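**Student:** Curious how this folds, go ahead:
(one chain, ligands or ions: 1)
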Amino acid sequence: MLKPNIHYRDLKDSYLFYHIAQKTKAYLEEHPGTRLYRMGIGDVSLPLCPAVIQALHEAVEDQGAKERFHGYMPECGADFLREAIAGYYGSRGVALSADEVFVSSGASDELGDLLDLFDRQSAALVLEPAYPAYVDANVMAGRRILHLAAGRENGFLPVPEEGLEADLIYLCSPNNPTGAVFTREMLRKWVDYANQRGAVILFDAAYEAFIQEPGLPHSIFEIPGARTCAIEICSLSKTAGFTGTRLGYTVIPKELERDGMSLHAMWVRNRTTKTNGVSYIIQKGGTAVFTPEGQEQIHRNIQVYKKNAQVLMDALDAAGVWYCGGKNAPYIWMQCPDGMGSWEFFDELLHKIQVVGTPGEGFGACGEGYFRFSTFGSPEDTKIAAERLLELLRGRS
Ligand code: PLP
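**Tutor:** Below is the predicted model:
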């Protein structure tokens, strides 16, 4: 009899957001008609920008014209988009060739698919708290997972420790859930570690466009030595509102080799086998993001989320609560008051002020005692949620 992949048995039953949805549903059933302020969502609330919409419309027209119609797209991405993305990196001083950029349907797909490149006996290192997909994708593959705890003492930005034996290293900066951003010096420690050990860094840069402080690295490839030890995974989901449209990209340098095998060449082979490329229309829409007009428009939207972050940060400052993130990321990570557990605090916010956030424990054991707010909601809801939160926190002290 065919055996299923038994590693699925090792997955945790209930996914974080499913559990939150169950709890809020139960609350609404008990309190019909109550308005909830959803500060937990990881989805954007603003629509695609006009430059993207125009490019999408034009691409639809192309698909209806015999001379401009496109069938299958190149598996690794259309040249026009790969060149636009390489140009975007170039504008920040990172030299890439267009064929080192692989167009994808989003970072989630890539984070799962890329694991095909690595031996199942290798150990994956996850810095906790972490985006849950890193752990789950490796559990499904039966890979050994190492956890490196991040905490308030290291600003939720750990660097390699003595004796660490990681093969695949997940780094997410700006971080989901903590909003913390690695400095150049910290990333250099990871790059040096990976090169010395022969490990590979999977650098998740899904939130790079939210970095506002000068001098913080947007890409692992800003760090000397990264081209021989890193893969960067990026997404237009949060940057440009493509959560439902689906588009991302992955950068694999040609120098990246392990055991005499080129990971770049392996990924070309993988893509040409397992995909038939991303839709022409979507790639055209995505290319508009990298025009001067598109950049200006997406940053106008990002500013709306940044203002939300400021409103929440002002409330937490006024309440004297410890938090990180918010400045260079669309997430704020706060310490729960009075030693409360993160699900306990979730329940208190839901029941007392009708604000829904995300319990830190859902991102790994060392997220316990912390709570994540997302800044992707509407400014109106964020303002009300911040006022309610401040009142609640003041009432406790
Ligand atoms: N990586 C991180 C850190 C994320 O937070 C998310 C989405 O929330 C993703 C990847 C997935 O992005 P995509 O929508 O491109 O699949």
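
**Student:** where along the stretch 1-150 of the chain do the strands fall?
**Tutor:** For the stretch 1-150 of the chain, the strands defined by DSSP state E, counting those that start in this stretch cover 37-38, 101-104, 123-128, 144-149.

**Student:** Which of the ones you listed sits closest to Phe17?
**Tutor:** strand 37-38 (11.4 Å; Cβ to Cβ). Placement of C-beta: from N, CA and C, glycine included.

**Student:** now what about that closest one, what contacts it?
**Tutor:** Ile353, Gln354, Val355, Val356, Gly377, Asp381, Thr382, Ile384, Ala385, Arg388 (Cβ atoms under 8 Å, 6 or more residues apart in numbering).

**Student:** How far does it sit from its chain's centre?
**Tutor:** Strand 37-38 sits 21 Å away from the centroid of its parent chain (Cα atoms, centre = their mean, to the nearest Å).

**Student:** What strands flank it, and is each parallel or antiparallel?
**Tutor:** Strand pairing for strand 37-38, using DSSP bridges, gives strand 355-356 (parallel).

**Student:** what residues does the strand it pairs with touch?
**Tutor:** Residues contacting strand 355-356 (Cβ under 8 Å, 6+ apart): 20, 24, 36-40, 346, 349-350, 385, 388-389.

**Student:** Go through those residues and name the one nearest Val52.
**Tutor:** Nearest member of those to Val52, counting by Cβ to Cβ, is Arg38, at 25.0 Å.

**Student:** confidence score at that closest one?
**Tutor:** Looking at Arg38, its pLDDT stands at 95.

**Student:** That one: how many residues sit nearby?
**Tutor:** Using other Cβ atoms under 10 Å, Arg38 is surrounded by 20 other residues.

**Student:** rewinding a little: if burial is judged by neighbour count, which of the contacts of strand 37-38 pass?
**Tutor:** Ile353, Gln354, Val355, Val356, Gly377, Asp381, Thr382, Ile384, Ala385, Arg388 (16 or more other Cβ atoms under 10 Å).

**Student:** Just put these in JSON lines and tack on pLDDT and secondary structure.
**Tutor:** Shown next, in JSON lines, are the buried ones among the contacts of strand 37-38 (pLDDT from 0 to 100; DSSP: H, G, I helix; E, B strand; the rest coil):
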{"residue": "Ile353", "pLDDT": "98", "secondary structure": "helix"}
{"residue": "Gln354", "pLDDT": "98", "secondary structure": "coil"}
{"residue": "Val355", "pLDDT": "98", "secondary structure": "strand"}
{"residue": "Val356", "pLDDT": "97", "secondary structure": "strand"}
{"residue": "Gly377", "pLDDT": "95", "secondary structure": "coil"}
{"residue": "Asp381", "pLDDT": "96", "secondary structure": "helix"}
{"residue": "Thr382", "pLDDT": "97", "secondary structure": "helix"}
{"residue": "Ile384", "pLDDT": "98", "secondary structure": "helix"}
{"residue": "Ala385", "pLDDT": "98", "secondary structure": "helix"}
{"residue": "Arg388", "pLDDT": "98", "secondary structure": "helix"}
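
**Student:** Please list which of the residues you listed are also close to the ligand.
**Tutor:** Contacts with the ligand are made by none of the buried ones among the contacts of strand 37-38, judged by Cβ under 6 Å from any ligand atom.

**Student:** Close to the ligand: what parts of the stretch 201-350 of the chain are there?
**Tutor:** So the stretch 201-350 of the chain meets the ligand at Asp204, Ala206, Ser235, Ser237, Thr243, Gly248 (Cβ under 6 Å from any ligand atom).
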